[in-house]
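Using only what follows, build the 3D model:
(one chain, ligands or ions: 1)
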Amino acid sequence: MPQGSALLTSRPEWQALTTHQKELADTHMRDMFRSDPDRASRFFIRGGGLSLDYSRNRMTDDTMAKLMALARSCGVPERTDAMFRGDPINVTERRPALHVALRDSSGEPIHVDGTNITPEVETTLNRMGQFVEDVLSRRWQGRSGKAFTDVVSIGIGGSFLGPKLVSEALRPYWHGQLNCHYVANIDGTQIAEVLRRVNPETTLFLIQSKSFRTQETLENSKVARAWFLENGGSEDEIARHFVAVTANTPEAVNFGISENNIFPMWDWVGGRYSLWSAIGLPVALTIGMDNFRALLSGANAMDQHFRDAPLEENLPVVMAMLGIWYNNFWGAETYTILPYDHYLRSLPAHLQQLDMESNGKSVTQNGEPLSYQSGPVIWGGVGANGQHAFHQLLHQGTRLIPADFIIPLETHNKVANHHVTLFANCLSQSRALMSGKTLDEAKAELKAEGMNTDEIDKLAPHKVIPGNKPSNTLLMDKSTPETVGALIALYEHRTFVQGIIWDVDSFDQWGVELGKQMGKGILDRLTGDTPESDAPSDSSTDGLIRLFRSHHGS
Ligand SMILES: O=P(O)(O)OC[C@H]1O[C@H](O)[C@H](O)[C@@H](O)[C@@H]1O
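Model prediction:
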């Protein structure tokens, strides 16, 4: 499939969308709804246990047909097949991206370099299951024969955000035997606060690092080990309290983790796609292995929907192409994720890494500079809280910010009339964003309040809400292991499809490396190990290093 930066924008399908955007530029969604009573039922699809109402978008049937034509011309179906087949779609690292294999229980073989990987996936899941059972049944217990009460997961980035999101999302499924804590940051406050709350005799540490080279994780793990030894633990007992998940067994063994306590990761799973692997252990330990497997099966249901449904009825594809529509044809720079579910409060943070690390790229797969925008800024926050904070800018700011509203039909916590009120808030926000308020409506309202004409003329412009702001509404019956799995998988595939259109490598992250490389030299200068470094610097960095050193008297 020919691709390339110039090729994309010169495709007839791309140009048709450029022209089409101009035709739609002056049409308000309010009028689209008025003139088309079937709009909402036509732009409503289901898949993998989720439902999507995408009728509140600046589009018509013609727009969707044009977006799907672009998807086809960029090879979305073929590239999707390539991903599921295990082709090395991560071109810069010459690897497949096979997170879908982690949740495929069909038994169908998937080959990487000639080896069927599915038996190893199943073996690892069984090992996880055995470990969870051993811990919960107290066959595996702390050094003084007490049952574990706490799990501390040490990891960052993909080895942190996904498991943390799922732990929180599935809080109603916690069996209650174990508390779960996450430590990610090199800010010592985080680990200090966690260690203050746990007991060294009953705490299990999980060191989660695909590479086993990540500074933050290694430094925090050293602190955890030292704390364990300082608080009555012995070297021999480390094996009972420290477990690692990594693709780098030698480094984990070097660190002092017993080889029997190491769960594997594979280089064909990207960090931000790894919560489905043994990186999900903190989740499995707190919700039990059956629920963890249900999470995988929910994700697998979305995988099947993504692979098999026609593009027009395919949730990840429809959402991806609407995102392309705003990003590349309407100039939207950001995209907001609004879960109306307290349990999903960490979804925006997880999707931020998933999407911004995957599609924050500026060259094509062949290394040519992009002549168009790639991934947008992803942000968001839980509803209804955001309504009393940043939604003002969504309603009346000058920027176009498409939004995804995500809400379960049913709550786990029936408290007074809260859930129906939450639902009403969600619907009223998406409706207000779409319809807005005209100047005439604002004036009529003020008149009805008894205001005089002079005052009305002054105040009314401030009360105009432009509307025509696009949003999707994603629904699920309830936040369950299955629906949460499907929801996360949906966004993974949405990101993947957009990467196909932009022709970027969605599975590498070279940009992250530069800061890491520079970090070492700067640390040495701050600590005085190499005060006069030959490494390239600048007057700002030099000045700030001097300031830090003089503050610490060095
Ligand atoms: O799991 P690790 O190898 O420790 O990596 C943790 C994280 O750090 C890196 O800097 C990457 O940006 C992330 O994609 C990765 O998930």
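
Quick one: end-to-end distance for stretch 473-492.
Distance across stretch 473-492, first residue to last, is 18 Å (CA to CA, to the nearest Å).

let me redo that: stretch 450-470
34 Å.

How about stretch 79-91?
Start-to-end, stretch 79-91 (CA to CA) is 13 Å.

now that stretch: mean pLDDT?
Stretch 79-91 comes out with an average pLDDT of 97.

Please apply the same query to stretch 505-514.
For stretch 505-514, mean pLDDT rounds to 93.

how much space between Gly155 and Leu322?
33 Å (CB to CB, to the nearest Å). From N, CA and C alone the C-beta is placed, and that goes for glycine too.

Neighbour count for these two, which is higher?
The neighbour comparison of Gly155 against Leu322 (other CB atoms under 10 Å) goes to Gly155, with 31 against 23.

Could I get the pLDDT score of the spatially closest residue to the more buried one that is not a sequence neighbour?
Distance criterion CB to CB, 6 or more residues apart in numbering; nearest residue to Gly155, sequence neighbours excluded, is Gln208 at 3.1 Å. Note on Gln208: pLDDT of 98.

How about the backbone phi and psi for Gln208?
Geometry field for Gln208 lists phi and psi as phi -110, psi 100, criterion degrees, to the nearest 10.

Now do the contacts for it.
Going by CB atoms under 8 Å, 6 or more residues apart in numbering, Gln208 touches 153-155, 159-160, 163, 217, 244-246, 279, 281-282.

Just the ones of those residues in helices?
163, 217, 281-282 (DSSP state H).

how about the strands in the stretch 251-400 of the chain?
Here the stretch 251-400 of the chain has its strands, by DSSP state E, counting those that start in this stretch, at 262-264, 334-339, 377-380.

Identify the residues contacting the closest residue to Ser55 other than its chain neighbours.
Counting by CB to CB, 6+ apart, Ser55 lies nearest to Phe43, which is 3.9 Å off, once chain neighbours are set aside. Residues near Phe43 by CB under 8 Å, 6+ apart: 53-55, 57, 64.

quick one: which of those is nearest to Phe390?
Distance to Phe390 across the contacts of Phe43 (CB to CB) is lowest for Asn57, with 20.9 Å.

Flag every buried residue along the host helix or strand of Ala71.
Remark: Ala71 resides in helix 61-73, with elements defined by DSSP states H and E. Counting neighbours by 16 or more other CB atoms under 10 Å, one finds that the buried residues in helix 61-73 are 63-64, 66-71, 73.

Stretch 513-528 now?
Quick answer for stretch 513-528 (16+ other CB under 10 Å): 521-522, 525.

Spell out which residues of the stretch 351-500 of the chain are next to the ligand.
For the stretch 351-500 of the chain, the contact set with the ligand under CB under 6 Å from any ligand atom comprises Glu357.

what's the closest non-adjacent residue to the closest residue to the ligand within the stretch 351-500 of the chain?
Ranked by CB to the nearest ligand atom, the top residue of the stretch 351-500 of the chain for proximity to the ligand is Glu357, at 5.7 Å. Spatial nearest neighbour of Glu357, excluding adjacent residues (CB to CB, 6+ apart): Gln509 at 5.0 Å.

What residue in the stretch 201-350 of the chain comes nearest to the ligand?
Residue nearest to the ligand within the stretch 201-350 of the chain: Gly271 (2.6 Å; CB to the nearest ligand atom).

Burial check on that residue, number of neighbours?
A count of nearby residues for Gly271, using other CB under 10 Å, gives 27.

Not counting sequence-adjacent ones, nearest residue to it?
Leaving aside its sequence neighbours, Gly271 sits nearest to Gly158 (CB to CB, 6+ apart; 3.0 Å).

just checking, that neighbour touches Lys210?
Yes. Between Gly158 and Lys210 there is a contact under CB atoms under 8 Å: 7.4 Å.

what is in contact with those two at once?
The contact sets of Gly158 and Lys210 overlap at 271, 274, 279 (CB under 8 Å, 6+ apart).

so how far is the ligand from Arg34?
If you measure Arg34 against the ligand using CB to the nearest ligand atom, to the nearest Å, the figure is 46 Å.

tell me which element that residue is part of?
helix 29-35.

next helix or strand past that helix?
helix 39-42.

Can you name the element that comes right after that next one?
Next along from helix 39-42, by DSSP H and E: strand 44-47.

May I have that next one as CSV, with CA atoms only?
Output of strand 44-47 as CSV, limited to C-alpha atoms (Å, rounded to 0.1, in the frame of the first residue of the first chain):
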residue,chain,number,x,y,z
PHE,A,44,-25.8,4.8,16.5
ILE,A,45,-23.7,1.6,16.5
ARG,A,46,-22.9,-1.2,18.9
GLY,A,47,-19.9,-3.5,19.3
